[in-house]
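J.: could you look at this predicted model? Sequence included:
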Amino acid sequence: MTTKLTPGKLTRRHVLAASATATGAAFVTPVRAAPPEAQQITPALIEAAKKEGKVTWYTSVDLPVAEKVAKAFEAKYPGITARVERSGAERNFSRIGQEYASKIYVCDVVNSSDAAHLIVWKRGGLLAPYVPQDVAQYFPPEHKDPDGMYASWRITLSPIAYNTRLVKPEDAPKGFADLLDPKWMGKIVKAHPGYSGTIMTATQQLSRDLGWGYFEKLAKQKVMQVQSAADPPKKLALGERAVMADGGEYVVSELRTRGEPIEEVYAIEGTPLVTGPSAIMARAANPNAARLFTAWSMTAEAQQMNVDVGALRSAHPLVKERPDRRKLADVKTLREDAAAVADQADDIKARYTKLFKV
Amino acid sequence: MKRTFDLSRPVLIAVAALLAVMIVLPVGWLVVYAFSSKEGGASLGNFATLFTDPTFVDPLITTLIIAVSVSLLCCAIAAPLGWLVARTDMPLARSVRTLVMASLVTPPFVGAIAWEMLAAPNSGLLNQLWRSLTGMPADEALLDIYSLEGLIFVIACYTFPYVFILVANALDRMPGELEDASSMLGAKTWDTARRITVPLALPTLLAGALVAFLQAMNLFGSPAILAIPAGFHTLTTRIWSLFQFPPKPELAAAASLPLLVLTVLLLRAQAMALGRRGYAVLGGKYGEPRLIKLGALKWPAAGLALLVLAMPLFLPYAALFNSAFSRVASRVISFETATLHNFRFTFFELSSTMPALKNTFLLATSTATVGALLALLIAYIVARKAVAGHRVLGFLATAPLAIPGIVLGVGLFLAYTRPPLTLYGTLWILLIAFVTIELPAAYQQLSSAFHAVHPELEEAGRMLGASRLRTLADITAPLLRSAVIATWCFIFVAVIRELSAAVILFTSDTKVLSVLIFDLKESGDVGAIAVLSLVMVAITTVVVAAANRLGGTRTAGRLHARAAG
């Protein structure tokens, strides 16, 4: 790190000290004068990363996408293995908590589909500041932390979708209110906010804009409850359910590209917007490999691959959108409010469990 | 017994202390946490929540309904099947017996996933077949696996073998003379069955019912896979859900105690039921049991037995094979559509596969070795009454039987995430968990092996002039060797399929195969699951086959009821 030391500024050493007492230090947001300087991928960084030889990446992105990203990184920087630890964002969040409480520092880079997690980790001093060149130069301000702790590695939506063999386009729901129609009884699949960060984020937005009454009524529709936001689209592809109430847009697009009978619906009420920021852990066992991985993952090249191969959306303005899909700017989205999710997450889980019984 | 065994005292104390720590530490922390409030003070608040909050009361009731139903269903299937196999001239009896054992090799959660592929209401292969045969409309279903009934059925599929083994073994041992006497006194075949065979088999059946009840109550994998999509919890899945953020270990500990208490009570009941079994084998030698002639019903009976076996075995494996080679699991593959995509993904792209396989192997091998040696040591001390106080060891070695896997997982998590032994995050904590879980079965196998080698045999050898060493080498060792090998193999198999403790105790570096499959399930990666399940079952089958070869088929019957995940 070449961060300059200015008064009042949080250095890596401070973060290290803070993370030792991480659980006790929650809700202390560090004050910072200016974000750390942007970092290039230098030969020295690559060399140091190769010496470490591996990076462990905790992510909640759908497993096949995560493994492709890891393989692309390994191909770009031979000699460094990228290990993917994929689980639901909420599950990863608990696990990192448990692991840190037991002084286990396996995670180098973390990516969560629940942006609130990054806020909590930042408050707890668990993150190391690092600003890749691309983030500093290209990413819009709403997609990067002012203190340089994290930036949006991916953006996705949580749309409605349906199986085109089971539902005719004209019969498909147009929005969330339509899902409450008795004709969808027993035909809906949805994922769980206690497991998936995408769904946690979406649930917060929908409960805010449509009210909890929407979920109350939805719970009476004999919904098939799965865990991951990646699962509802797969259940549609299987033909197990006709409609999904929520789930990852990128998984829907990816399945449709493969020729599965599935089509997304951007609800008339607006579609939940879900950003998935990435950060480097302050206690990363492989800090250089973590920086290299992060810097690479934010480049236009890697971000373009996220879009082309993983059907994710990107905050990088140089990245071209997929031609087979509506542009993000043309989708009516609901407002994302990570800070509100951070405050309400426990309450959302409790209310949800009460309504849906699991 | 007057044997010189002077080192025995310290060994006894060391082993007893080790066992005590293994059991007392997790259970102790469990009790402490159960009676603590979130802030750490003593409290009964957790129990108040447990017995008033519907999110706990409902799973408790559901669990009891499941356990009772599974138990009844298992008896209803296993008793007639056991009787057909052991006491009639049904064709294929031997194969049926072997295949029931084979179905035991399937981890229950793999069975549950396979049954999802078969009987999910819309995409299930059986439902699709039914619709194409009968023209039933697309939104109606013959079977719905995501229901209480579906869950009970799937649990019963992988629980009835335990009851079957108990019943069939008991019927094997039942003296034919009693039945002969009955028919000589003029009773008809069916009267004899009703008045002699059934009453004699009843205690065993009761014991079997209790085993099935315990299995169903403490099972985690199948309910996690089938109950959650259906929108309900069992007690085990509810306990597991308490580890979601923010984790509530106090409540998890409190919710574990009912499972623990019920298990202890039921095991006592089982011991009482089985304790009476003795009268069936009183006295000296009996003739071979008489086989009842089924006559024209011979082949229908065999057909029925195979139909029963289709449920845990033929159908699920067909479904797993289908999805392993298919892009979308709900479509039946043909030669044109079959793909190796899932194999490629599992072995070349999925970065957790190899570490998980490595961890699983390492743990299975070390648990089997440590567990078999520990069990051997204890069995020897107890069987040969080597030291005073040997009974305590026998008790301690069987005590873990009363601790359900998920409860042990919670207890170990509480015990080893703190100093002085912070083992969470290492393979050690899993090793301790697995050794603790498998010890009772291992001990029981080896102690019965020691009993089989009655000192009579050793004494006979001595009387014929052999030295003690020679007797040990020529008589005891060969007889025990096969039992030790069989025990080793069965621990190995049981570890490979263990999920309920592992799912609480794993970290990213210590992930095992069962947990990896469970993780893949949550994101719906069915193809990779099918591949990994088949790999897992292939490994298990090879080891069981090796066990049968090395240990003799006799030992295979003792794969203990506790082995399920």
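T.: Received the coordinates, thanks. Note that this is a predicted model, so its numbers are computed, not measured.
J.: so what are the domain limits for the chain?
T.: Looking at chain A here, since you left the chain open. By the assignment in automatic domain parsing, chain A contains the domains A:12-153+A:276-325, A:159-271+A:331-356.
J.: hmm, no, I was thinking of chain B.
T.: For chain B, the structural domains run B:8-38+B:341-565, B:55-281+B:297-339, going by automatic domain parsing.
J.: least reliable of the ones you listed going by mean pLDDT?
T.: Among the domains of chain B, domain B:8-38+B:341-565 has the lowest mean pLDDT, at a mean of 84.
J.: gap between that domain and the chain center?
T.: Computed by Cα atoms, centre = their mean, to the nearest Å, the chain-centroid distance of domain B:8-38+B:341-565 equals 12 Å.
J.: residues contacting the closest residue to B:Leu235 other than its chain neighbours?
T.: Spatial nearest neighbour of B:Leu235, chain neighbours left out: B:Thr63 (4.4 Å); criterion: Cβ to Cβ, 6 or more residues apart in numbering or on different chains. C-beta: built from backbone N, CA, C; applies to glycine. Residues counted as contacts of B:Thr63 (Cβ atoms under 8 Å, 6 or more residues apart in numbering or on different chains) are B:Met217, B:Thr234, B:Leu235, B:Thr236.
J.: how much space separates the third one from A:Tyr195?
T.: With the distance defined as Cβ to Cβ, to the nearest Å, B:Leu235 ends up 20 Å from A:Tyr195.
J.: do the last one as well
T.: As defined by Cβ to Cβ, B:Thr236 lies at a distance of 17 Å from A:Tyr195.
J.: settle this for me: B:Pro203 is touching B:Ala273, isn't it.
T.: Yes. Between B:Pro203 and B:Ala273 there is a contact at 5.0 Å, judged by Cβ atoms under 8 Å.
J.: show me where the stretch 151-300 of chain A has helices.
T.: A:197-209, A:212-219, A:231-238, A:249-257, A:287-297, A:300-310 (DSSP state H, counting those that start in this stretch).
J.: tell me, please, the helix or strand in chain A that averages the lowest pLDDT.
T.: helix A:12-20 (a mean of 38; mean pLDDT, DSSP states H and E).
J.: what is the helix or strand following it packed up against?
T.: Sequence-wise, the next helix or strand downstream of helix A:12-20 (DSSP states H and E) is strand A:38-39. With contacts taken as 3 or more Cβ pairs under 8 Å, 6 or more residues apart in numbering or on different chains; DSSP states H and E, strand A:38-39 sits against strand A:131-132, helix A:133-138.
J.: and for B:Asp180, the neighbour number?
T.: Other residues lying near B:Asp180 total 15 when counted by other Cβ atoms under 10 Å in any protein chain shown.
J.: find the nearest non-adjacent residue to it, please.
T.: Here the residue nearest B:Asp180, using Cβ to Cβ, 6+ apart, is B:Arg290, at 6.3 Å.
J.: same check, this time on B:Gly405
T.: B:Ser500 (3.3 Å).
J.: got it, and A:Tyr250?
T.: Closest to A:Tyr250 by Cβ to Cβ, 6+ apart is A:Ala311, at 4.0 Å.
J.: and B:Ala212, what does it touch?
T.: B:Val70, B:Ser71, B:Cys74, B:Cys75, B:Ala156, B:Thr159, B:Phe160, B:Tyr162, B:Val163.
J.: count the neighbours of residue 207 for me.
T.: All of this is about chain A. 19.
J.: hm, I was asking about chain B
T.: So B:Ala207, with other Cβ under 10 Å, has 24 neighbours.
J.: from B:Leu516, how far out is it?
T.: 35 Å.
J.: in what helix or strand does B:Pro229 lie?
T.: Per DSSP H and E: helix B:221-230 holds B:Pro229.
J.: quick one: that helix near chain A?
T.: Yes. Residues of helix B:221-230 contacting chain A under Cβ under 8 Å from any Cβ of the partner chain: B:Ala227, B:Ile228, B:Pro229, B:Ala230.
J.: which residues in chain A form strands?
T.: A:38-39, A:54-59, A:81-86, A:109-111, A:127-128, A:131-132, A:150-157, A:160-163, A:188-190, A:224-225, A:243-244, A:262-265, A:273-281 (DSSP state E).
J.: quick one: which of those strands is nearest B:Gln445?
T.: strand A:81-86 (37.6 Å; Cβ to Cβ).
J.: just the element for B:Leu373, please.
T.: Assigned by DSSP H and E, B:Leu373 belongs to helix B:353-383.
J.: tell me which residues of the helix or strand following that helix are tucked away?
T.: With elements assigned by DSSP H and E, the helix or strand that comes after helix B:353-383 is helix B:390-398. Buried residues in helix B:390-398, counted by 16 or more other Cβ atoms under 10 Å in any protein chain shown: B:His390, B:Leu393, B:Gly394, B:Leu396, B:Ala397, B:Thr398.
J.: and if you look at stretch B:190-200?
T.: Buried-residue list, stretch B:190-200, by 16+ other Cβ under 10 Å: B:Thr192, B:Ala193, B:Ile196, B:Thr197, B:Leu200.
J.: stretch A:344-358 now?
T.: Buried, per 16+ other Cβ under 10 Å, within stretch A:344-358: A:Gln344, A:Ala345, A:Ile348, A:Lys349, A:Arg351, A:Tyr352, A:Thr353, A:Phe356, A:Lys357, A:Val358.
J.: mind listing what the nearest residue to A:Pro272 once chain neighbours are set aside touches?
T.: Nearest non-adjacent residue to A:Pro272, counting by Cβ to Cβ, 6+ apart: A:Ala202, 3.6 Å away. A:Ala202 is in contact with A:Ser158, A:Pro193, A:Asp246, A:Pro272, A:Val274, counting by Cβ under 8 Å, 6+ apart.
J.: measure the residue most central in space within chain A to chain B for me?
T.: Centroid-nearest residue in chain A, with Cα atoms, centre = their mean: A:Ser113, separated by 2.0 Å. Look at A:Ser113 and chain B: by Cβ to the nearest Cβ, to the nearest Å, they are 12 Å apart.
J.: residue contacts, that residue?
T.: Counting by Cβ under 8 Å, 6+ apart, the residues that A:Ser113 touches are A:Ser60, A:Val61, A:Ala89, A:Arg154, A:Thr156, A:Ser196, A:Gly197, A:Thr198, A:Thr201, A:Ala229, A:Val274, A:Gly276.
J.: switch to 7 Å and redo it
T.: Applying Cβ atoms under 7 Å, 6 or more residues apart in numbering or on different chains, we find A:Ser113 in contact with A:Ser60, A:Ala89, A:Ser196, A:Gly197, A:Thr198, A:Thr201, A:Val274, A:Gly276.
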